[in-house]
Structure formats: C-alpha cells, structure tokens
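compute the structure for the input listed below.
(one chain, ligands or ions: 1)
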Amino acid sequence: MEFKVITDNVDIVVVGAGPVGSVAAARLVQCGFSVIVCEAEATSTQNLRASTFHPPTLEMLDTLGVADQVIKEGLKAPVYHWRKRETGEVFSFDFGELADRTTHPYRIQCEQHHLSRMLAEKLAGEAKCDLRYNTRVVNVQQDADGVDVTLETPLEIQHVRAKYVIGADGANSIVRKYLGIGFEGFTYPEKFLCLSTEMDLADHIDGLAYVNYVSDPEEWLVLLRVPRLWRVLVPTTEGDDDEWLLSDAKKNEVFERLVGRSDVETAHRTIYKVHQRVAERFNQGRMFLVGDAAHLNNPLGGFGMNSGIHDAWNLAGKLDDVERHGASPSVFDRFDRQRRAITHQFVQRQTIDNMELMNGEGGKQKQMRDRMSRLNDDPVARREFLLYQSMIKSLDDAEAIL
Ligand SMILES: Cc1cc2nc3c(=O)[nH]c(=O)nc-3n(C[C@H](O)[C@H](O)[C@H](O)COP(=O)(O)OP(=O)(O)OC[C@H]3O[C@@H](n4cnc5c(N)ncnc54)[C@H](O)[C@@H]3O)c2cc1C
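Below you'll find the model as predicted:
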C-alpha cells in the first residue's frame, strides 16, 4: 500500500498535544531536536480538567519562556485549605513558607488548555517543529534503528519515520496498546461530578482560599477558583445514571447544601470516571510513555498533569544526554525507574490517601483532623508537608534514584 511519506528522518514524534505532549515538544525543540507533534483533535481540548500548576512545574515553564504568561492568565494561590465540612474547621497551608526553595512559592490556578494553546503558539514559530492537528496516530512499529509511524488525517494516510516516539496520548494511549504494556490498577466505583459557576462562592462561604479540599463522610467537596469561575467537584453515588447527574435537580441539590441556594447558574457540568492506574513500563526500545498515557490518578491534590510534565522533562533530558552528549541508551531505563517509582510512591499513594481523607474511610476523618492540627503547631513537620504537597520533594526523590 502507498502512503504519503511526510519525512523519513525526523528525530522525535510526539503523539498528543495535551499539556504533557506540548511541554515535551517544546523542551525537545529547545534542546535542538526536530519534532513532529501529532494531535488527533482540531485544536487543544477545552474540557475542565487540570487547573493547578505546582511550583516545580512553573520553574520548568520558566525555562520554556511561558511561566509569566501562565501566571498572568491564572490566579496566584499561595494558600490552600483543608476544611472539615461537619465542624467548619479550617486548616490553612501557605506555600509562601517555601520561598527559599522555589522561585514560585504558590500554586497557579489556570486551566490546562491555556498551557497547550500557549505552547502551540510558541511551537508554530519554531522551524524544527511541525505541529499537526487533525492527525491521529494509528500505528507505530519499531526496529533497532527507528520507528515507523502511520498517521490518519481527514483526507489520507501518511507515514513518518522517526528515531524515537513519545506517547503523550492520554488515558487510552494507542502507543501503550501497541507496545502491549499493561495498565494495572483500579477504577473508583463512583463517578465525580464537576460543576462550574460564575457565582462567587466566597460571598457565601467565609474566608475561602482559591483551593479548598473539604472533607465529609457524606459528600466531600473540592472548591477551586479559576479565572472567572468557581469549580465544584463532588463525588456521586455508585449506580446514579448520567442523565440524573447532569440534571438541574442534582445541580440544585449540590448548591442547596453548599450555599443554601438552588438558583445557581452553571457554566459547565461534567462527569468523570476516575482511575488509579500505572503502566508496567514507561519505556520500550525507542518508544516512551509520559503523562496520562503512563499513569492515571484522582484529581485530589492536583498531581496528574504536573507529574506528567515532570515525566516529559526528565525524558527530554535523557534524550538530550543520549543523542547530543554520548550517554548510553541505558539511561532510558533510568527514566522508567525514576518516574515509575515516583508515580507509585508519591502520586498514587498520596491521591489514594487524599481520597480516604476526604471521605473519611477507615476512621481517617479523625486521623486527618489530628494530623492537620499537628502540622499547624509544628513548623518542621509543616515544612516537610509543604515540600511534599508542592511536589518539590518528588523531584528530589526522583533525582536520587539511579
Ligand atoms: C476533574 C479533573 C481535574 C484535574 N485537575 C488536575 C489538576 O488540578 N492538576 C493536575 O496536575 N492534574 C489534574 N487533572 C489531571 C490532568 O487533567 C491530566 O493528568 C492531564 O490532562 C494529562 O495530560 P496529557 O497531556 O498526558 O493527556 P491529555 O490531556 O489527555 O492529552 C492527550 C492528547 O492526546 C491526543 N491523542 C489521543 N490519542 C491520539 C492519537 N492516537 N493520535 C494523536 N493524538 C492523540 C488527545 O486528543 C489529547 O489532546 C485533573 C483531571 C480531572 C479529570
């Protein structure tokens, strides 16, 4: 069969122009590689997903020259809250205490699609990058010297030969499936419902921070401020059908309980299935997995996209070491060891733990209260906690893995 050959010698094909694929591409171009980015959709997807950028991620975005723009378009949130819904107790944590460790001692609240858009605009001006929308990768086959990549566009089937392929193609990654890499873990039985509103929740709930984790055995909540909107994330009951979850009646129930009003207008209503899964390997030969293609977790803590960006950063460094500085390809195994260990030890463990703290499973409500009040009183323990929650420690820990 004859395919249109786009090129037979690009350095790297990045599959997916979500936040992780976009960062991978921008970093690789910065290192001097030629890159083709294939994105199945016509533009970067706009749905309500990640909204939190942690300090080390902002430092990476500084290097790419887009941190200032993310900060300008987002909201600075140095302080976040753990709250107990039943008692109204508030435990406040301030990333400002980490000002000696990071140039960005705060979270930035900004939706992920803004980052994809900013990086796409930047990549459009790069001679070494070819960002192709409406281009779905449908096959990848590797041999000792490179990878053959088959692309589907609205009009034709195309072919690219690359030295390496990075699968940043999200939860249903075709790259992961072609590699036959398992994706073990579990799916929570209940779905999560995300509602957004222009109504200012801070007018109804005293002293809200921009980021609030509200624990409750009956209905926990995450209340997140992003520019122009508040996002309200709640769990649902297993077996509830989607039509009911998206109905006005359900929306009214949530807001009635939250602010005593049922006439609240919503801008979005979205239901998510939530998974905790990790790929068995993040590399195989000349192909790699990063971001949601490699790991999925619940959004409690805001770690999914951030850790995916940290994967991409680590991998770009290893590709640079091998291709430009003569390192052995065995460093790709170190990428796998470092990022997979951090995914298990930090991202998976912390998000599963956060879910239990939020819903009070296994007596964790009391445990959470005791822990939070201890942290309030102990500056050394609080600093450790902040280094952990800001993801600074996860990068230090990854560096220590040989
Ligand atoms: C409600 C919610 C809130 C969240 N909040 C946070 C948060 O605050 N902080 C955080 O860090 N994380 C958060 N996350 C997680 C975060 O959204 C994901 O981890 C992040 O989107 C992963 O980025 P990615 O680029 O790996 O994958 P994706 O964003 O899924 O992007 C993958 C891209 O690949 C494209 N693609 C797929 N298949 C192909 C193919 N065959 N060919 C070409 N292109 C393809 C897709 O169209 C898509 O554009 C949240 C998630 C949810 C559901």
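
and Ile271, that's in a helix?
No - Ile271 is assigned strand when assessed by DSSP: H, G, I helix; E, B strand; the rest coil, not a helix.

measure Leu296 to Lys366 for me?
30 Å (C-beta to C-beta, to the nearest Å). The way it works is simple: take the backbone N, C-alpha and C, and place the C-beta from them, glycine included.

same question for Pro217.
11 Å.

looking at those two, which one has more neighbours?
Comparing Pro217 with Lys366 by neighbour count (other C-beta atoms under 10 Å), the higher total belongs to Pro217, at 13 against 9.

got the residues of the protein near the ligand?
Residues of the chain lying close to the ligand (C-beta under 6 Å from any ligand atom) are 15-21, 38-41, 45, 49-52, 112, 136-137, 168-170, 174, 194, 272, 291-292, 299, 302-306, 308.

I'd like to know which of those residues are part of helices.
Counted as lying in helices by DSSP state H, out of the residues of the chain next to the ligand, are 19-21, 112, 174, 304-306, 308.

which element is Lys256 on?
One correction, residue 256 is Glu, not Lys. Secondary structure assigned from DSSP states H and E places Glu256 in helix 248-259.

could you export that helix as PDB, CA atoms only?
C-alpha atoms of helix 248-259 as PDB (Å, rounded to 0.1, in the frame of the first residue of the first chain):
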ATOM      1  CA  ASP A 248     -31.000  20.700  37.300                       C
ATOM      2  CA  ALA A 249     -32.300  18.700  40.200                       C
ATOM      3  CA  LYS A 250     -28.900  17.300  41.000                       C
ATOM      4  CA  LYS A 251     -27.200  20.700  40.500                       C
ATOM      5  CA  ASN A 252     -29.800  22.300  42.800                       C
ATOM      6  CA  GLU A 253     -29.200  19.600  45.400                       C
ATOM      7  CA  VAL A 254     -25.400  20.300  45.400                       C
ATOM      8  CA  PHE A 255     -25.700  24.100  45.700                       C
ATOM      9  CA  GLU A 256     -28.600  24.000  48.200                       C
ATOM     10  CA  ARG A 257     -26.300  22.000  50.500                       C
ATOM     11  CA  LEU A 258     -23.300  24.200  49.800                       C
ATOM     12  CA  VAL A 259     -24.600  27.700  49.900                       C
END
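
list the contacts of that helix.
193, 195, 197, 199, 201, 204-205, 219, 221, 232, 234, 244, 261-262, 264, 266, 269 (C-beta atoms under 8 Å, 6 or more residues apart in numbering).

for stretch 60-74, same thing?
Residues external to stretch 60-74 that are found in contact with it (C-beta under 8 Å, 6+ apart): 23, 26-27, 30, 53, 58-59, 103-104, 108-110, 114-115, 118-119, 122, 226-227, 309-310, 313.

are any of these buried, and if so which?
Taking 16 or more other C-beta atoms under 10 Å as the criterion, what is buried in the contacts of stretch 60-74 is 23, 26-27, 30, 53, 58-59, 104, 108-110, 114-115, 118-119, 122, 226, 309-310, 313.

show the average pLDDT along the helix or strand where Trp230 lies.
Per DSSP H and E: Trp230 is located in strand 229-235. Regarding strand 229-235, the rounded mean pLDDT is 96.

how about stretch 342-350?
This predicted structure assigns stretch 342-350 an average pLDDT of 94.

next, the buried residues of that stretch.
So stretch 342-350, judged by 16+ other C-beta under 10 Å, has buried residues 342-343, 346-348, 350.

for Leu386, state which of those is nearest.
When these are compared for distance to Leu386 (C-beta to C-beta), Gln350 comes out closest, at 13.3 Å.

which SS class is that closest one?
Gln350 ends up helix, using three-state DSSP.

leaving out chain neighbours, which residue sits closest to it?
Gly301 (5.7 Å; C-beta to C-beta, 6 or more residues apart in numbering).

and the gap between the one you found and Asn9?
42 Å.

neighbour count: the two, which is higher?
More neighbours surround Gly301 than the other of Gly301 and Asn9, with 22 against 10 (other C-beta under 10 Å).

pLDDT below threshold where in this structure?
By pLDDT under 70, the weakly predicted segments of the chain are 1-2, 362.

one more pass at 90, please.
The chain contains residues with pLDDT under 90 at 1-9, 43-49, 84-88, 216-219, 239, 353-373, 376-377.

all helices of this structure, in order?
Counting by DSSP H, one finds helices in the chain at the ranges 19-31, 55-64, 67-73, 112-124, 174-179, 242-245, 248-259, 304-325, 331-342, 349-359, 364-377, 379-389, 392-399.

check contacts around the residue of the stretch 151-300 of the chain found nearest the ligand.
As assessed by C-beta to the nearest ligand atom, the ligand sits closest to Gly291 within the stretch 151-300 of the chain, at 2.3 Å. Counting by C-beta under 8 Å, 6+ apart, Gly291 makes contact with 16, 18-21, 168, 170, 305, 308-309, 311-312.
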